[in-house]
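Novice: give me a model of this one.
(one chain, ligands or ions: 1)
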Amino acid sequence: MPRQIVSPHEVDVESVGRRDYWVSLSHTSVWGSHLIPLTVIVGPQAKPGEGLVAFGANHGNEYEGPVAIKHLLREIKTQDVLGRIILVPVLNVAAFRVGERESTGDDGFNLNRVWVEGAGTTPELAGITHRIVEMVRSVIWPHVHISIDIHSGGEVARFAHWSGYFEHDDTQINERRQQMARWFGCGVVLATGASMPNGVSRGLYEEANDLGKYSIGTELGHGSSTDVRGVRYARQGILAAAIHHEQLSGNIEPIDHHADGTQSLVRGAASVAAPYPGHYEPLFDCGAVVSKGTTVGLLHDFYRLDEDPFEVVAGVDGIVISQAWGARVDQGQMILLVGKKAE
Ligand SMILES: [Zn+2]
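Specialist: I've put the predicted structure just below:
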């Protein structure tokens, strides 16, 4: 059956079977709609309130999620689905259309900063970006307990591939969360201490965690490209979570750093913000192991050509998780993140 165009309230995530939708959210300018692709597959053992959702393109210029999930749309067979699987290859269609991080060309917001109270339900917060938040809240959240949000660095940052989770006081829950992150196969598994406060700048990863879901976040590439390993990790992580949480039947084997035991668990990090605008020169690749005090990069000021560059120094012993991607950086931009190795 061809993909059906439906309003959010017409999406059926409960009946057994597969449905491919374009979820229609009206344009505020042209006469027409934004169409968000959403596929739901429900198996015979689906439990109320339980299921897995995977999102690509929360930011519009990050492509590993969209590509991996597009493949999974064909790979996952309806007869193998036991519980509930919801696949959203492109969540922020307004940003994806123009290939940018924010919904440029529409309301201009960053979808991963607008998970605030009243999004999409109040006149002041009624643009497409806020209404995507409301669509997820009303259509998806009530029916899933696992949320996987696939990101990469876009044009902002370069990353060591990582998958992460929020730590939980309950050891068993914590272990399950950590295992879900490990199964992606990335070199770095990032354990985050606490969800960010519920303020004016809040993301999907935090919201899913605040709702008590298994919330998994990733950074699987950078540079608005499609990263070879990033796509592989995204596919693996989504399938492993679905299989291990009884949403999908089948077997899966560990890959890459997970398989060979070279994953680093990272807990806590030190970042450096650019003290002035300039040009960033990395001296190490992301993933490098550095000591506290190591100069990881240099910030050059080409208007003070004859002065020494600013040394961008690791604040902790650990692994270089992220650095600026483009050479030109703004004042205040995070240009280095070094994670503390917990093991
Ligand atoms: Zn992102």
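Novice: residue contacts, Arg202?
Specialist: Counting by CB atoms under 8 Å, 6 or more residues apart in numbering, Arg202 makes contact with 113-116, 196. (Glycine included, C-beta is placed from N, CA and C.)
Novice: can you show me the strands along the stretch 201-343 of the chain?
Specialist: Assigned by DSSP state E, counting those that start in this stretch, the strands in the stretch 201-343 of the chain fall at 214-219, 264-273, 278-282, 289-290, 295-300, 310-313, 318-324, 328-329, 334-341.
Novice: in CSV: those strands, plus distance to Leu91.
Specialist: Output for these, formatted as CSV (distance: least, CB to CB, whole Å):
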stretch, distance to Leu91
strand 214-219, 14
strand 264-273, 26
strand 278-282, 30
strand 289-290, 34
strand 295-300, 32
strand 310-313, 33
strand 318-324, 22
strand 328-329, 27
strand 334-341, 24
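Novice: Ser138: which of the ones you listed is closest?
Specialist: Ser138 sits nearest to strand 214-219 of all the strands of the stretch 201-343 of the chain, at 18.4 Å, using CB to CB.
Novice: tell me the pLDDT of Asn198.
Specialist: Confidence at Asn198, expressed as pLDDT, is 53.
Novice: thinking again about what came up before, which one of the contacts of Arg202 is nearest the ion?
Specialist: For the contacts of Arg202, the residue nearest the ion by CB to the ion is Arg113; the value is 10.5 Å.
Novice: got the contact list for Asp12?
Specialist: 19, 40.
Novice: doesn't it fall inside a strand?
Specialist: No. Under DSSP: H, G, I helix; E, B strand; the rest coil, Asp12 sits outside any strand and is assigned coil.
Novice: wait, Glu311 touches Thr295, no?
Specialist: Yes. If you go by CB atoms under 8 Å, Glu311 and Thr295 touch, sitting 4.5 Å apart.
Novice: circling back to that earlier point, keep only the contacts of Arg202 that also lie close to the ion.
Specialist: When CB under 5 Å from the ion is applied, no member of the contacts of Arg202 is adjacent to the ion.
Novice: near the ion, which residues of the chain are found?
Specialist: Counting by CB under 5 Å from the ion, the residues of the chain that sit close to the ion are 59, 62, 151.
Novice: check the secondary structure at the residue nearest to the first one when sequence neighbours are not counted for me.
Specialist: Take His59 and drop its neighbours on the chain: the residue closest to it by CB to CB, 6 or more residues apart in numbering is Arg101, 4.6 Å away. State at Arg101, reduced to three classes by three-state DSSP: coil.
Novice: go on, the one 4 residues further on?
Specialist: Using three-state DSSP, the structure places Gly105 in coil.
Novice: which parts of this structure are helices?
Specialist: Taking DSSP state H as the test, the helices found in the chain are 64-75, 93-96, 128-135, 171-182, 204-210, 228-244, 256-259.
Novice: about what we covered before: out of the contacts of Arg202, which two sit at the greatest distance?
Specialist: Maximum pairwise distance among these (CB to CB): 13.3 Å, between Val114 and Met196.
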